[in-house]
Each structure stands twice: as C-alpha cells, then as structure tokens.
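Undergrad: Sequence below, structure please.
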Amino acid sequence: MLPELHSVLNLLEGGFSQLRVLVIGDIILDRYIMGEVDRISPEAPVPVLRHVRRYERPGGAANVAMNLAGLGCQTFLAGFWGADTEQAELAALLQNANLTSFSPTPIDTLCVISSSVPTISKTRIVGRNQQLLRLDIESVDQYLAGESSQLLDSVLNLIPKVHAVILSDYAKGALTTGLCEAVIRTARSVGVLVLADPKTPDFSKYSGATTVCPNLAELCAATGVSANRIDALLAAGHALLIEHDFQFLTVTMSEKGITVLSRPDKALPNGSVYRSPARAREVFDVSGAGDTVIATLAAALAGGLHIQTAVELANLAAGIVVAKVGTGPVSGHELIAALTPSSGVIAGEKILDRERALLRVAEWRAANETIVFTNGCFDLLHVGHITLLEDCRRFGSKLVLGLNTDASISRLKGPSRPIVGENERARVMAALAAVDAVVLFEEDTPLELIELLKPNVLVKGGDYTIDTVVGHEEVLANGGRVEIVPTVGGFSTSNLVQKLTKPRLEAAPIHAMPILSPVNETQETQ
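TA: Here you go, the predicted model:
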C-alpha cells in the first residue's frame, strides 16, 4: 500500500489545486498520424499506411505542464514558440488542459516568449500501435539574445510566487547554462524546490537543484559507467549528486522501476538508496513517461509528501501513462482509481463526508468506473447484509454505501436503536472488501445523497418494486437503473436482538439458523 495514503488522496481530491508549479523548458507539438498497414508499396520496399486519424498533443515541457494540470496544480509554462500554426494548436490544447480537473484553470502561458524561431514539432507515423517513422521539424538557429533575456526576466519574477520549478530540458536551446544557474540560485534563496530532467551528459548546469531525474541511459552518459554494472553506476551517481550539490538523484530505470540516491543526512532518513519497483502493466508507449515522473514528483514534494511516497506515486503515474498509445498525461482520477481498489484501501480511507464522496465518485466516473449505491442501517452485521453487498458488486465496479446516522435510526426504529454507534458501524462496513466508500446521512431517507452522487445503479434488497425504492426517479432520469435483489430469509437485526434477549435455554443454537434461502421477507437495512 502507498505510504501516507490519506495525505495522497487529500492532495488528489483537491489539495493539488492549492499548489503553483512553474515549468521551464523546450515546448514541442507532438503530432500523431494513425493508420493501418496491410501491404508494401510497389514503388519502394516501404509499408503503405492507410490513414485512419490524426491528433496533436503538447510535448516536451508542455507535456510536463499537462501532467501537472491533470493532477489539478496551478501550472505556469515558460519557454519559446513561434508565430505559426503549430503555436496556435499548442495554445488551444493548453487552454483546455485543466477543464476536467479539480482546478478548472487553463495552463498559464504568459511566460512563453514568441520567438522568431519556429515552434518545434514531432510527427509520428503509427501503424497498428507500432511507430513506423518520426519526422522532426526544428530550426538549428539559436534564440535571439533579447528573447532569452525576456524569458529569464519573466521566470525570475515568477519563482518567488510558486512552490516548485521544473527544468524540462530537451536540449533544444531554451535552457541555457546561464538560465539554469540563475533559476536555481533564485529558487534556493526563497526556498522553492527545483527539479531538472536532463538531456545532456553534463549535469553541472543543474548544480544546486533539489533533484535531477535522469533515465538509465542518461545516467550512463553522465557517469561513463555501463548499465550492465548497476552497483558501479549507482555509486557513480552518488558521486555526481555530491559533486553538484543535489539533495538527491532520481533515476528512472525502465522495468527496474525508480531508484533514489541520497546522502543519508538528506532526503532519505534510513539510508542512501531507495528503490521503487516498476508497476506491472502492459506497455504500449514509453513516450512522455519521464515527463509524468518529474511532474508527479514535483507536485507530491511540493504537497509535503515524503520522498519515498512521492517516488511511489510518480512510479504509479508512469505505469499508467506507458499503457497509453502516444504522449499523454496522467490525471488525478486515474491515480485515485488505481489507489482505491476496495481490497487495498484501509477502512478509514473509505469513510467519506459528502464533499469528499462527491469528489471520489467524480474521479471514479472519469475513470469509467460504474458506481453502485445501496443504503441501510447495518446495525448488527449479519449474512443477509453480506449477501446484499456481494449482490451489489455484481452490478458495477465501485460500491458506495449510504449509512443511516444514529439520530436517523432512532427516529425510524425507536429510542433503543441503534445498538452499535454510527462511527463503529461505518468502520465495520468500510472494512468489507465489497465496499468502496461509506457515507453517513442524517435524513430519514438517502434521497439527498442519491441526488448528489448520481449513481449508475441503485440497489435495494427485499420485497420492493422499482417504483417503491427511494431515489428511483432520480437515478432513472440520469440514465441509470434500479436493481432489486432477494433477501436471505431469517436474518435481520431485530431477529438477532430477540435471540440475544431471550433466556439462554430458549435461544436457538446458531447452527440451527436457516441459511441462504431467498424469500420475500423484507431484509432490515432501512
């Protein structure tokens, strides 16, 4: 289980929206031309691609910004683009980047300088998910001195107002040594994190950064040590971080996961090496995985998470994006869905107030989960309750349980009920693998909760008909459905209370109680 899960979920469910992150680097437009290949050209021994679709996505530093926006951060992008159609396409993509996140604010591009150099673009020709060719369009001309000075002034003015800075270096000319040094010096003076993604073997331009995030090949190039000699390579990485005054080094190692190198007195309290194994997942495209890692790492560290937690979250995010075709950012709802399987979340993380329940359900829905809702008192848990919940899971992938509060139960069933208090009942229900979220409601019926959460499926047990289930009109109006499941005969909280209060000799032995025989008797969960 991910360390600091409660803090992670709080960040993903709105906390990231309070963070401001600046991304400086090479801004690229990624184009994809997708098609089918079923023959070889008669003109030359090359495959013929039959065009199916084409799309564009922000790349380079712009993809880092998209990942931050997907997490909900207030994101500022700085770099260069030209006055061309590629710039217009990029601007439109960035403008719409954050509209489905918790912070519906477009990526701020006020620090992107309009340059005489054309916008960089990469066009990938893909047939049946296999990249056949990549066409890069970029100028060999350097950015004008006035343009570089304008970029530097704009980012230095912004650094004191942000929580973290990312240097996204694709070696296209935006991140000069002078700019990197000035950014790191200014950020350190005001206590702002700096993370660098290198594309050159000389890490000296990033000296003083919080962390540098090379991949395995980049660390090999920087140290001169082969990837076949992992121990020697990591030792050389340790020497690099000390030489360049990094707090730690974050190395992405493909199928080997992510390794963090640190001095024992710095980022890692229990040692100098921390390894986060790769998340098992089918890999379609590793493009942009490094962008996702550094964006997630920056957001997590700025949000106050420990380095181990931040790395685990970044590793999880990378596993999500490599399962996608083409450059694509991670989103908060994808991480929440990955972090909240019912079997892997402690009970306390499933008990939600209405605001968090609404956010959690929205993220599940965005991840294409089917939301099921049922409700009841669940005063003394018995096999009838368990059967109902197991039936609920047959209708969808996420089950939200509406639980009557103590006051609500007392009004419905009298002053002697409930027997078990609401906090204890919520904890018990949340501990069940079938349940993904528990939400207490004070009203006599769950109608307000159903109207708020808008479940896809509403489930009730007993001799109800669809027309008599509270909330059926609202669910059906939203395109959902109502399911009635049979109850388990002989089991109810009232029956259990009667057995417990009878004289001992009159009580029926537990093994003689009827089991799993569906009848029309109404199960007591209201």
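Undergrad: Quickly list the domain ranges of this protein.
TA: Listed domain ranges for the chain are 5-37+48-338, 345-519 (source: automatic domain parsing).
Undergrad: Make JSON lines out of those domains and add mean pLDDT and mean neighbour count.
TA: In short, each C-beta sits where N, CA and C put it, glycine included. Listed next are these as JSON lines, based on pLDDT from 0 to 100; neighbours: other CB atoms under 10 Å:
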{"stretch": "domain 5-37+48-338", "mean pLDDT": "90", "mean neighbour count": "20"}
{"stretch": "domain 345-519", "mean pLDDT": "83", "mean neighbour count": "17"}
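Undergrad: Give me the contacts around stretch 208-217.
TA: 167, 184-185, 188, 193-198, 203, 206, 222, 227, 241, 244-254, 256, 267, 290, 293-294, 297, 301 (CB atoms under 8 Å, 6 or more residues apart in numbering).
Undergrad: Go ahead and confirm Leu358 touches Leu452.
TA: Yes - if you go by CB atoms under 8 Å, Leu358 and Leu452 touch, sitting 6.0 Å apart.
Undergrad: I'd like to know which of the contacts of stretch 208-217 are part of strands.
TA: Taking DSSP state E as the definition of strands, the contacts of stretch 208-217 contribute Leu167, Leu193, Val194, Leu195, Ala196, Asp197, Phe248, Leu249, Thr250, Val251, Thr252.
Undergrad: Relative to Arg31, which of those is nearest.
TA: Asp197 (21.8 Å; CB to CB).
Undergrad: Let me see the contact set for the closest one.
TA: Remark: with contacts taken as CB under 8 Å, 6+ apart, Asp197 is in contact with Gly25, Val64, Ile166, Leu167, Ser168, Asp169, Val212, Cys213, Pro214, Gly290, Asp291, Ile294.
Undergrad: Who is it paired with across the strands?
TA: Ser168 (DSSP bridges).
Undergrad: Equivalent analysis for Thr259, please.
TA: Val251, Arg275.
Undergrad: quick one: it and Ser272 touch, right?
TA: No - between Thr259 and Ser272 there is no contact under CB under 8 Å: 10.8 Å.
Undergrad: phi, psi of Asn67?
TA: Dihedral angles of Asn67 (phi, psi; degrees, to the nearest 10) stand at phi -60, psi -40.
Undergrad: typed the wrong thing, it's Glu56
TA: Torsion angles, degrees, to the nearest 10, at Glu56: phi -120, psi 150.
Undergrad: contacting residues for it?
TA: Neighbouring residues of Glu56 by CB under 8 Å, 6+ apart: Leu29, Asp30, Arg31, Tyr32, Glu89, Leu90, Leu93.
Undergrad: does it have beta-bridge partners, and which?
TA: For Glu56, the beta-bridge partners are Arg31 (DSSP bridges).
Undergrad: separation between it and Leu432?
TA: Remark: distance between Glu56 and Leu432 (CB to CB, to the nearest Å) = 46 Å.
Undergrad: how about TSV for the contacts of Asp197, with distance to Ser397 added?
TA: Shown next, in TSV, are the contacts of Asp197 (distance: CB to CB, whole Å):
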residue	distance to Ser397
Gly25	38
Val64	31
Ile166	34
Leu167	40
Ser168	35
Asp169	40
Val212	39
Cys213	34
Pro214	38
Gly290	31
Asp291	29
Ile294	31
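Undergrad: ends of stretch 455-471, how far apart?
TA: Terminal residues of stretch 455-471 are spaced 10 Å apart (CA to CA, to the nearest Å).
Undergrad: how far does it sit from the chain's center?
TA: 33 Å (CA atoms, centre = their mean, to the nearest Å).
Undergrad: same deal with stretch 310-321?
TA: When C-alpha coordinates are averaged (CA atoms, centre = their mean), stretch 310-321 and its chain have centres 8 Å apart.
Undergrad: What are the contacting residues of it?
TA: Residues outside stretch 310-321 that contact it (CB under 8 Å, 6+ apart): 2-3, 8, 67, 250, 252, 257-258, 260, 274, 276-281, 288-289, 292-294, 296-297, 300-301, 305, 328-330, 334-335, 338-339.
Undergrad: From the centroid of the chain, which residue is nearest?
TA: For the chain, the residue nearest the mean C-alpha position is Leu335 (2.3 Å; CA atoms, centre = their mean).
Undergrad: Tell me the first helix or strand C-terminal of the helix or strand that one falls within.
TA: Applying DSSP states H and E as the criterion places Leu335 in helix 332-339. Scanning forward in sequence from helix 332-339 by DSSP H and E, the next helix or strand is helix 354-366.
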